[in-house]
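Novice: Need coordinates for the following:
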Amino acid sequence: MRVVLSTYGSRGDVQPMAGLAVRLRELGAEVRVCGPADEEFAELLSGVGVPLLPFGPSARALTKAAPPPSSLPQRAAEVIASQLDVVTAAAEGCDVVVATGMISAAAGARSVAEKLGIPSVSVTFQQLTLPSPRRRPLAYPGRPLPPEVTDNRVLWDLDAQSINALFGEALNTNRASIGLPPVDDVRDYVIGDRPWLATDPALDPWQETPDLAVVQTGAWILPDERPLPVELSAFLDAGAPPVYVGFGSMPMHASTDAARTAIEAVRAQGHRALVSQGWADLGLIDHLADCFAVGEINHQALFGRVAAVVHHGGAGTTTTAARAGAPQVVVPQIADQPYWAGRVADLGIGAAHQGPAPTFESLSAALESALAPETAARAKAVAGTVRADGATVAAKLLFDAARREKPRVSA
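Specialist: Coordinates of the predicted model:
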């Protein structure tokens, strides 16, 4: 079986695909991944023996540039245009295309599959883009939801209109270039009638809705067997567990000195600090021995050895910390991150910081809550309920679909 995995976005969009690729290869599949042209993603995939076929601009550069909302349609058109050639070449003769990432890129990948007559499946790593009458949709930059509207169904209709306005022309212009008819509803086209939700049911339970048949596979986790660096292990062994601070792929535009704020707040709680550079380029603020700085690191090995994890609320980091039983402080920046912050607080496994720009006082209060004994106990209890087999479940579903006489993964 041959599978093409296509995505565009941050590490949180790429790493789960690497996890699925590993499980597919274990079952004997040939796998190719199409994604952003970032060296760190190419290294991530080469580490598991899967080539990255790059398209579009660097996702890191695009994120750090913080383009204005008015540029979204143009950037979507550029990503789709660069994607068509790459994904088409990769998908020739394959059995299924798995599409995820930013909605325009997912629409481009599904369009390639449609052109080639190949089944495709749409995947999301958070449920907030799946229409449900039980909650409001996410608002797109520059297109806020009207506060006076309280009917969620009406808001989801407005969401569809916003997506069409932002991405419809970009998608349909590119579809016309490969001989495909226009799409009237971009969101419905991307989601299809049987989307996959690759999140953990304990952390992110999907409530069934009559309008959508969602398949929740569990989170797609890439096993990480890398040992921790010797210097880091020595730091961990030299004292009580530190508090980890890292904001992943978020540039932290809202905070001019996130590292100083975080380190001072951690010290005020009587803990050492472990600072991860990430896309925010965090670093140490002095040379005291109670702080240590790291780059890209094995979180699966690390999070079980820290007192708490302060992070941005990405789905992957939230899941990894939860699996490790580490209390969390989530400082959400954009998109689904406030949702994950709320889930952490609701589950009692940490604290949700209010707003994207922490101060010494606000972060200290959140840390005090997360470091409480009852939070640590709850985090350890929840850790035992978080599954690790989501990528295996998804891989087997893809194989089962390929074995059918007429594969039908998604509409």
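
Novice: mind listing the strands for the protein?
Specialist: Remark: strands assigned in the chain by DSSP state E are 2-6, 30-36, 52-55, 96-99, 120-124, 196-197, 215-216, 243-245, 273-276, 291-294, 308-311, 328-330, 350-352.

Novice: quick one: contacts of the first one?
Specialist: This points to strand 2-6. Residues outside strand 2-6 that contact it (Cβ atoms under 8 Å, 6 or more residues apart in numbering) are 17, 20-21, 24, 29-35, 83, 87, 90-91, 93-101, 105-106, 108-109, 112, 398. Backbone N, C-alpha and C define where each C-beta goes, glycine included.

Novice: buried residues in stretch 287-302?
Specialist: Buried residues in stretch 287-302, counted by 16 or more other Cβ atoms under 10 Å: 291-292, 294, 297, 299-302.

Novice: Looking at those residues, which is nearest residue 166?
Specialist: Distance to residue 166, by Cβ to Cβ, is smallest for residue 299 among the buried residues of stretch 287-302, at 32.9 Å.

Novice: contacting residues around the closest one?
Specialist: 224, 317, 320-321, 324.

Novice: Which PyMOL command selects the buried ones in the residues you listed?
Specialist: Paste this into PyMOL to select the buried members of these, with burial taken from 16+ other Cβ under 10 Å:
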select buried, resi 317+320+321+324
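
Novice: Let's have the contacts of residue 299 in JSON lines, adding pLDDT and distance to residue 138.
Specialist: Formatted as JSON lines, those follow (pLDDT from 0 to 100; distance: Cβ to Cβ, whole Å):
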{"residue": "224", "pLDDT": "95", "distance to residue 138": "29"}
{"residue": "317", "pLDDT": "96", "distance to residue 138": "19"}
{"residue": "320", "pLDDT": "98", "distance to residue 138": "23"}
{"residue": "321", "pLDDT": "98", "distance to residue 138": "23"}
{"residue": "324", "pLDDT": "98", "distance to residue 138": "28"}
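
Novice: returning to that earlier point: which of the contacts of strand 2-6 count as buried?
Specialist: Neighbour counting over those (16+ other Cβ under 10 Å) leaves 17, 20-21, 24, 29, 31-35, 83, 87, 90-91, 94-101, 105-106, 108-109, 112, 398 as the buried ones.

Novice: In JSON lines: the buried residues of stretch 287-302, plus distance to residue 164 and pLDDT.
Specialist: Below are the buried residues of stretch 287-302 laid out as JSON lines (distance: Cβ to Cβ, whole Å; pLDDT from 0 to 100):
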{"residue": "291", "distance to residue 164": "48", "pLDDT": "97"}
{"residue": "292", "distance to residue 164": "48", "pLDDT": "98"}
{"residue": "294", "distance to residue 164": "43", "pLDDT": "96"}
{"residue": "297", "distance to residue 164": "41", "pLDDT": "93"}
{"residue": "299", "distance to residue 164": "38", "pLDDT": "97"}
{"residue": "300", "distance to residue 164": "40", "pLDDT": "97"}
{"residue": "301", "distance to residue 164": "44", "pLDDT": "98"}
{"residue": "302", "distance to residue 164": "43", "pLDDT": "98"}
